[in-house]
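Asks: Need a 3D model of the sequence below.
(one chain, ligands or ions: 3)
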Amino acid sequence: MKGILLVNLGSPDSPTPKDVKTYLGEFLMDERVIDLPVLARTLLVKGIILNTRPKASAKAYQKIWWEEGSPLIVLSERLQSKIQKRTNNPVALAMRYGSMTIKKGLQELVDKGCTHIKTIPLYPQFAMATTETIDVKVDELVTEYFPEVTITRTPAFYHREDYINVLSKSISETLEDLDYEHILFSYHGVPERHIRKSDITNGNCKMNGKCCFKKGSEQHEFCYRHQCEITTVNVAKKLGLKNGTYSTTFQSRLGFDPWLKPYTDRTIERMGKNGTKKMAIVTPAFVSDCLETLEEIAMEGEEIFHEVGGKEFTVIPCLNDRDDFVQVLVNIANEWAETPEATTV
Ligand SMILES: C=CC1=C(C)c2cc3[nH]c(cc4nc(cc5[nH]c(cc1n2)c(C)c5CCC(=O)O)C(CCC(=O)O)=C4C)c(C)c3C=C
Ligand SMILES: [Fe+2]
Ligand SMILES: [Fe+2]
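Replies: Ligands and ions are numbered 1, 2, ... in the order given. As a prediction, this is how the structure comes out:
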């Protein structure tokens, strides 16, 4: 039998400094998230970050936490349940970090008799810190615990027509009767080094824009920067946005390395200072609303904008469990499930 495993990032069990510390400890010690040699990573994470960040992060989580739990988890569960209603194959949900482990998700599907499993990372764009770490973790777990299971990976879906249509519709619905001057496409950032490490063009990528922004999806199969830019360009085309009325930025940086630019917070500030009064912001790297969209963008971002004279700051919700987005994921699952032989990619 074939089964589907949806995988998202994860959240702490509760918004307390203790649980946030446990969660951040696992997350940031991942060599694909903080990609330093193990000793340097341990010193940075356990010696510095975990002594200061959990308290501040817990405060931020408390501001966005729902009665049912973490928004990211609750929204992912709603998504899973809607997908399950549209397919006969078992659908499980797991998180890369935290207590809803990938091992438990695989076990749930195996217990239901699944021998072929398609993993669907809930990230439209590929990144070493997201899709790759899930793929690697799944491979390790299958080798160790589920050798009889065949896995099929799902590549990034940022350029699928159905996905771009749904993302565009979600934006136009929010902005329908709104008068806005600029729409910012804000993606989660990554250190520039991550882009170079994932480069498959023989060291061509000099991070100067000449390679990442070139056309062609094949050589950019693993280029997060390219995939974010193309997501923006495709949506702009679909919505008929005029040049100069939209742009791409990157948020949520951590530490002192250079991260992908331009930075979202500085762009919001600059736009407000330059006289923009009404702006909208969409966050396409996040499938489910979470700390980074509900707090960093909807609260902090709005505050920055208002402080420098901005008036209206409209945040477009993530795709979450919208019915048309559910259908995109069902399409991805069915395209695989309906092929006679599931193959490993
Ligand atoms: C080096 C650090 C980080 C990298 C690289 C990174 C990449 C990355 N993250 C997401 C999606 C999410 N990140 C979230 C929270 C979050 N991210 C980092 C650090 C890195 N992320 C931290 C420290 C945190 C925790 C919160 C904090 O202390 O600020 C979340 C939200 C989780 C939630 O519970 O709501 C998401 C989602 C992507 C897509 C990505 C690379 C493309
Ligand atoms: Fe992150
Ligand atoms: Fe590049």
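
Asks: Where in the protein is the helix or strand with the lowest mean pLDDT?
Replies: For the chain, counting by mean pLDDT, DSSP states H and E, helix 192-197 ranks last in confidence among helices and strands (a mean of 92).

Asks: now that one, how far from the chain's geometric center?
Replies: Relative to its chain's centre, helix 192-197 lies at 17 Å (CA atoms, centre = their mean, to the nearest Å).

Asks: One more: stretch 140-149?
Replies: Centre-to-centre, stretch 140-149 and its host chain are 26 Å apart (CA atoms, centre = their mean).

Asks: which element is the nearest residue to Phe213 once chain neighbours are set aside on?
Replies: Excluding its sequence neighbours, the residue lying closest to Phe213 (CB to CB, 6 or more residues apart in numbering) is Glu229, at 5.8 Å. Where you see a C-beta, it was placed from the backbone N, CA and C, and this is true even at glycine. Using DSSP states H and E, Glu229 sits within helix 224-239.

Asks: For that helix, name the packing helices and strands.
Replies: Counting contacts by 3 or more CB pairs under 8 Å, 6 or more residues apart in numbering; DSSP states H and E, helix 224-239 packs against helix 161-175, strand 182-188, helix 192-197, strand 246-251.

Asks: What is the burial count for the residue nearest to Phe213?
Replies: 20 (other CB atoms under 10 Å).

Asks: Hmm, Thr248 and it touching each other?
Replies: Yes. Between Glu229 and Thr248 there is a contact under CB atoms under 8 Å: 5.8 Å.

Asks: Look at Gly255 and give its secondary structure.
Replies: Three-state call for Gly255 (DSSP: H, G, I helix; E, B strand; the rest coil): coil.

Asks: Next, the contact list for it, please.
Replies: Ile34, Leu44, Pro191 (CB atoms under 8 Å, 6 or more residues apart in numbering).

Asks: Could you export those residues as CSV, including neighbour count and pLDDT?
Replies: Formatted as CSV, the contacts of Gly255 follow (neighbours: other CB atoms under 10 Å; pLDDT from 0 to 100):
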residue, neighbour count, pLDDT
Ile34, 20, 97
Leu44, 16, 96
Pro191, 21, 96
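
Asks: Could you list which of those also contact ligand 1?
Replies: When the contacts of Gly255 are checked against ligand 1 using CB under 6 Å from any ligand atom, the ones in range are Ile34.

Asks: Closest one of the contacts of Gly255 to ligand 1?
Replies: Ile34 (5.0 Å; CB to the nearest ligand atom).

Asks: Go ahead and name everything in contact with the helix holding Glu229.
Replies: Residues contacting helix 224-239 (CB under 8 Å, 6+ apart): 124-128, 156, 158-159, 164-165, 167-168, 171-172, 185, 187, 190, 194-195, 198, 212-214, 217, 220, 241, 246-248, 250, 260, 284-285.

Asks: cutoff 7 Å now
Replies: Contact with helix 224-239 is made by 124-127, 156, 158-159, 164-165, 167-168, 171-172, 185, 187, 190, 195, 212-213, 220, 246, 248, 260, 284-285, as judged by CB atoms under 7 Å, 6 or more residues apart in numbering.

Asks: Tell me the buried residues within these.
Replies: By neighbour count, with 16 or more other CB atoms under 10 Å, the contacts of helix 224-239 hold 124-127, 156, 158-159, 164, 167-168, 171, 185, 187, 190, 195, 212, 220, 246, 248, 260, 284-285 as buried.

Asks: check the residues you listed against ligand 1, which are close?
Replies: Okay, of these touching ligand 1 (CB under 6 Å from any ligand atom), that's Ala127, Val190, Ala285.

Asks: Is the last one in a helix, a strand, or coil?
Replies: The three-state label given to Ala285 by three-state DSSP is coil.

Asks: how about stretch 270-278 as PDB, C-alpha atoms only?
Replies: C-alpha atoms of stretch 270-278 as PDB (Å, rounded to 0.1, in the frame of the first residue of the first chain):
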ATOM      1  CA  ARG A 270      13.400  52.200   4.100                       C
ATOM      2  CA  MET A 271      10.000  52.100   2.300                       C
ATOM      3  CA  GLY A 272       8.300  53.800   5.200                       C
ATOM      4  CA  LYS A 273      11.000  56.500   5.400                       C
ATOM      5  CA  ASN A 274      10.800  57.000   1.600                       C
ATOM      6  CA  GLY A 275       7.100  57.900   1.900                       C
ATOM      7  CA  THR A 276       5.300  54.600   1.200                       C
ATOM      8  CA  LYS A 277       2.100  54.700   3.200                       C
ATOM      9  CA  LYS A 278       0.300  51.500   2.200                       C
END
